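Asker: Predicted model follows, preceded by the sequence.
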Amino acid sequence: MSSDAPDLRFLQANERTLLAWLRTGVTLMAFGFVIARLSAWLQFEHPERDDDGWGSMLGIAVVGLGTACHVIAAIRFVRARRALVAGEAIAPGSTGPVAVAALVAALGIGAVVYLAMGTR
């Protein structure tokens, strides 16, 4: 192996990071699906509880966030891989992870509000 070749440990670490992002995205998508289906079931079981579709919209938003995780993961993976193969320094931005964290927090607050509205 020549000295110009990228260190395989870094390439594999980049792949593990991609897989972690993908697991997070799939988990959010599954959770969003459960939220949407549970909301529909609750509406069916308790028609007196009028939520105007907020539960379903919350579920769809969580599925969308999971999908966004996959897009962010792919972009970050490709950029880091290109830099590693070219022997350049990697300067990953924090915009993607911070945006995902902020949106998860916002959706969590939305879920708390939605649940609190249902108990009145």
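Answerer: Everything's here; your move.
Asker: Please make it C-alpha for all contacts and neighbour counts, starting now.
Answerer: Will do.
Asker: any chance you could map the helices in the chain?
Answerer: 8-45, 54-86, 95-118 (DSSP state H).
Asker: tell me which residues in the longest one are buried?
Answerer: The neighbour-count criterion (16 or more other CA atoms under 10 Å) identifies 11, 14-15, 18-19, 21-22, 24-26, 28-36, 39, 43 as the buried residues of helix 8-45.
Asker: How far off centre is that helix?
Answerer: Distance, stretch centre to chain centre, for helix 8-45: 6 Å (CA atoms, centre = their mean, to the nearest Å).
Asker: go on, the last one?
Answerer: Relative to the mean C-alpha coordinate of its chain, helix 95-118 is positioned 12 Å out (CA atoms, centre = their mean).
Asker: Can you give me the buried ones in it?
Answerer: Residues of helix 95-118 classed as buried: 96, 100, 104, 107, 111 (neighbour count, 16+ other CA under 10 Å).
Asker: Look up the closest residue to Gly25, ignoring the ones flanking it.
Answerer: What sits nearest to Gly25 in space, not counting adjacent residues and going by CA to CA, 6 or more residues apart in numbering, is Gly66, at 3.9 Å.
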